[in-house]
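**Student:** got a sequence here, can you build the structure:
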Amino acid sequence: MAVTENTKRGLFRLDGITGMLVATVLLLTILVVLVTLAVQTQQAQATNFYDKTPITDSLDNVKMTSTANADYAFKPAK
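**Tutor:** Model prediction:
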C-alpha cells in the first residue's frame with residue numbers, strides 16, 4: 001500500500017485560513033443585516049399601537065357556534 005503525501009496544503013487557500021475568514025465575515029455581515037432590519041422594524045412599529053376598537057362588547061356573550069361571532073372578530077388593519 002503506497003502512502004501519498006498531501007501536497008495541496010496552503011495557508012491562504014479557501015480551505016485554510018482565508019476560507020475561515022471569508023466564512024466569518026459572511027456570518028457577521030448576515031448578523032449585522034438581520035439586526036439592522038430588526039431594529040428598523042421595532043422603530044417603525046413602536047408607534048403603531050394595538051387598536052382594540054373592533055371588539056365592541058364583552059366576550060362573555062359569544063356563543064360557540066353562532067354567526068354573530070363575526071361581530072367580535074378582528075377586523076383588517078386600515
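**Student:** which stretches in this protein count as helices?
**Tutor:** 17-45 (DSSP state H).
**Student:** so where's the protein uncertain?
**Tutor:** Scanning the chain for pLDDT under 70 picks out 1-2, 6, 9-12, 50-64, 66, 69, 71-74, 77-78.
**Student:** count of neighbours near Thr18?
**Tutor:** 13 (other Cβ atoms under 10 Å). Every residue, glycine included, has its C-beta placed from N, CA and C.
**Student:** equivalent analysis for the one 5 residues further on, please.
**Tutor:** Residues lying near Ala23 (other Cβ under 10 Å) number 11.
**Student:** enumerate every residue touching it.
**Tutor:** Shown in contact with Ala23 (Cβ atoms under 8 Å, 6 or more residues apart in numbering): no residues.
**Student:** could you check how far it is from Ile17?
**Tutor:** Remark: distance between Ala23 and Ile17 (Cβ to Cβ, to the nearest Å) = 11 Å.
**Student:** which residue packs closest to Arg13, ignoring adjacent ones?
**Tutor:** Gly19 (7.2 Å; Cβ to Cβ, 6 or more residues apart in numbering).
**Student:** distance of the one you found relative to Val33?
**Tutor:** Gly19 is 21 Å from Val33, by Cβ to Cβ.
**Student:** again with Thr67
**Tutor:** Thr67 is 47 Å from Val33, by Cβ to Cβ.
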